[in-house]
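Enquirer: What follows is a protein structure lacking sequence information:
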């Protein structure tokens with residue numbers, strides 16, 4: 001019996017931005033999200049399993065909702081952490097300090113969040129396939 005390959009972890013594969021079908025091929029051509037000329041440069045298909053990434057025209061518009069949800073989740077988490085560690089008060093402007101620091105934090109994270117939202121959105125539509133080497137990639141024909 002041939003030894004099977006270990007199944008890559010779902011969350012690790014998504015956060016490291018690998019193909020959802022094989023969880024081995026990279027989604028983006030450039031490793032860094034902060035190379036601003038190439039932030040969104042993606043392979044047309046997975047270099048390992050040949051899964052097509054751009055399912056249809058306008059496919060990536062849905063990532064705006066994912067990016068928005070991530071931004072709200074991060075903002076809520078930083079607000080709760082600020083509230084627990086520092087406290088919230090309008091009398092000494094602590095809430096405004098949180099607002100400014102949270103905005104700066106989100107601005108710094110934005111290129112990475114936009115890439116992550118693409119990866120998460122793609123993971124909604126393409127499932128892992130253990131037999132990716134022998135089976136055909138999933139095609140979306142609408």
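Expert: Received, thanks. Nothing here was measured: the structure is a model prediction, and the numbers come from that model.

Enquirer: Against residue 77, how distant is residue 123?
Expert: As defined by Cβ to Cβ, to the nearest Å, residue 123 lies at a distance of 21 Å from residue 77. Where you see a C-beta, it was placed from the backbone N, CA and C, and this is true even at glycine.

Enquirer: neighbour-wise, which of those two wins?
Expert: Remark: of residue 123 and residue 77, residue 123 carries more neighbours, 20 against 11, as counted by other Cβ atoms under 10 Å.

Enquirer: Name the nearest residue to residue 138, ignoring sequence neighbours.
Expert: If the residues on either side of it in the chain are set aside, residue 138 comes closest to residue 126, at 6.0 Å by Cβ to Cβ, 6 or more residues apart in numbering.

Enquirer: What lies in contact with stretch 102-114?
Expert: 33-34, 36, 39-40, 63, 67, 70-71, 74-75, 78-79, 82 (Cβ atoms under 8 Å, 6 or more residues apart in numbering).

Enquirer: ok, which pair from the residues you listed is furthest apart?
Expert: The span of the contacts of stretch 102-114, defined through Cβ to Cβ, is set by 40 and 82 at 31.7 Å.

Enquirer: Done for today, thanks.
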